[in-house]
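Asks: One predicted model, sequence on top.
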Amino acid sequence: MSQEILINHFGLHPERAFFDGMMNRYLVGGLVYSIVGVTNMEQETLVELYKLAEHLKSQGDRHVSTFVPNHEGRFLVVEKDKDFVVLRNESIQSPPDNKLGRKLSKFHFRGRTFEEKVEKINRMGQWKSLWEKRLDQLEKAYYQVIQDQPADEFERRFVESYPYYSALSENAIQYLVDTELDEDPKQEDAGTICHERFLQSTWGTEVCIHFPFQWVFDHCSRDIAEWVRERYFMKSQTFHPELQEFMREYESITPLSPFSWRLLYSRLLFPLHYFECIEEYYISESEQQKKVVEEKLENYLKNSHQYEAFLSDFYHMSEVPVKKWGIPLVAWL
C-alpha cells in the first residue's frame, strides 16, 4: 500500500525501503520519503506541524522533514478511503547520536523563535493537569483491583506498589507547583518544539530525521528529562559520564535556568515508567506480552531504592549549583 501511494500520487518509484528504528522510510534518487496516515488527525494539527516544519527549515535545519505536494499540488492524498501525507528529507548521513546534547539544544533554540500561537499540540503549563488525570485513572484501576481481588501475580504487585508510586507522583506535582510559584522563567524558558518522548533513537539510526509527527510544543526540559529517564533505565550503573557529557553539550548552546532545572527534576520525579508499565499490562493482548510487562514491573520494584538514590543525587551528578540558586531538595530522598 505504501509503495502504491508514492507511485500513484507522486510518480515516485522507491529504490529501497528501510526501517530506521521509528518507521519505514523509502529511498528515491538520494531523497528519503516517509508516509503518514492522518485519517483521524484534525486539520488544524496538520497545519501547525506544517508551519513548524517550514519554520525550522527557514532557520537552517537540514534534517527537518518537509511536506510534499502531490501532482495536483495538494498535501493530503486519499488512498482506499484513508488520508495520507508524504514527507521528504535529504539523505544526510550523520550518526544522529553524535553530540546529541548539543544538537538537541540547537533544535530547541531554533524552535523557540517560532512566533505564531501554537494551540493543538501545545503542552506548555499543562503537566500538572495531565499528571493529575493520569493519577486519577490509575487510582480508579487500583481500587477496582482491590474490589475484585488481585487475579494474578502482576495485580498483587500493583496493589502493593501503588501507594508508594502514588506518593511519588504527588511529590512530583508538588515540586512542579512550587517551581511555578517560586521561580521566574527566563527568556530561554519560552516554549519550543519538543517531542512527545525524546529518546536516543528518536532521530533515527541510519539517517538523522527531525520528524514533525513526533512533536509537541513545550518547555525544553521535557525532552532532556525523557532522554535522561531512558538512559538511566538502559544502564543505571554506568550512565553518570554520559549524563554529564550530554548536559555539558546541551548547555554549550543554551545554559539552563534554575526554573528549567526544577521543571526537569519534577519530570524525573514523576514515575512515568511505572504508569506506562501498568497501562501496558492492561492493553496487552498476548500472554507472552503480559509476561514481559510483569518482568518489567518486577524490575522496577526491585530497583526502586536505586531510582531514589539517582533522584537524590541527580543535581549533584549534573553539577547544578543548588545552594547558590536556592533550589530545594526533596527531604525524604
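Replies: Received the coordinates, thanks. These numbers were taken from a predicted model, which means no experiment stands behind them. Numbering: from 1, shown residues only.

Asks: For the protein, which residues score under the pLDDT cut-off?
Replies: Applying pLDDT under 70 to the chain flags residues 1, 94-97.

Asks: can you tell me which residues contact the most centrally placed residue in it?
Replies: The residue lying closest to the centre of the chain (CA atoms, centre = their mean) is residue 197, at 0.9 Å. Contact analysis of residue 197 by CB atoms under 8 Å, 6 or more residues apart in numbering lists 214, 226. (Each C-beta comes from the backbone N, C-alpha and C, glycine too.)

Asks: so what's the backbone phi/psi at it?
Replies: Reported as degrees, to the nearest 10, the phi and psi values for residue 197 are phi -150, psi 110.

Asks: all strands for the stretch 1-150 of the chain, in order.
Replies: Taking DSSP state E, counting those that start in this stretch as the test, the strands found in the stretch 1-150 of the chain are 16-19, 24-28, 31-37, 66-67, 77-79, 82-90.

Asks: how about those, which one is nearest residue 53?
Replies: strand 66-67 (5.8 Å; CB to CB).

Asks: Need the single longest helix in this protein, by residues.
Replies: Longest helix in the chain by number of residues (criterion: DSSP state H): helix 153-182.

Asks: Can you list the buried residues in it?
Replies: Within helix 153-182, the residues scored as buried using 16 or more other CB atoms under 10 Å are 154-155, 157-158, 161-162, 165-166, 168-169, 171-173, 175-176, 179-180.

Asks: That one - contacts with which helices or strands?
Replies: helix 127-148, helix 258-269, helix 272-283, helix 287-302 (3 or more CB pairs under 8 Å, 6 or more residues apart in numbering; DSSP states H and E).

Asks: which of those helices sits most buried?
Replies: Most buried of the helices and strands packed on helix 153-182, by mean neighbour count (mean count of other CB atoms under 10 Å): helix 258-269, with a mean of 23.

Asks: distance between that helix and the chain's centre?
Replies: 15 Å (CA atoms, centre = their mean, to the nearest Å).

Asks: Contact partners for residue 172?
Replies: So residue 172 contacts 131, 266, 267, 269, 270, 271 (CB under 8 Å, 6+ apart).

Asks: Against residue 38, how distant is the residue nearest to the centre of the chain?
Replies: Residue 197 sits 20 Å away from residue 38, going by CB to CB, to the nearest Å.

Asks: hang on, the earlier thing: widest-spaced pair of the contacts of residue 172?
Replies: 266 and 271 (11.8 Å).

Asks: Over to the closest residue to residue 110 other than its chain neighbours: give its phi and psi.
Replies: The shortest distance from residue 110 to any non-neighbouring residue, by CB to CB, 6 or more residues apart in numbering, is to residue 59 (4.2 Å). With angles defined as degrees, to the nearest 10, residue 59 sits at phi -90, psi 0.

Asks: and the protein, what are its domains?
Replies: Annotated domains of the chain cover 2-92, 127-198+221-322 [automatic domain parsing].

Asks: what about residue 237, helix or strand, and which?
Replies: If you go by DSSP states H and E, residue 237 is not part of any helix or strand.

Asks: Ramachandran angles for it?
Replies: The phi/psi pair for residue 237 (degrees, to the nearest 10) is phi -80, psi -30.

Asks: heads up, I number from 5, so please use that
Replies: Right, with 5 as the first residue, what we last looked at is residue 241.

Asks: Near it, how many other residues are there?
Replies: 6 (other CB atoms under 10 Å).

Asks: Enumerate every residue touching it.
Replies: Counted by CB under 8 Å, 6+ apart, residue 241 has zero contacts.

Asks: quick one: which of the helices and strands packed on helix 157-186 is nearest residue 108?
Replies: helix 262-273 (12.8 Å).
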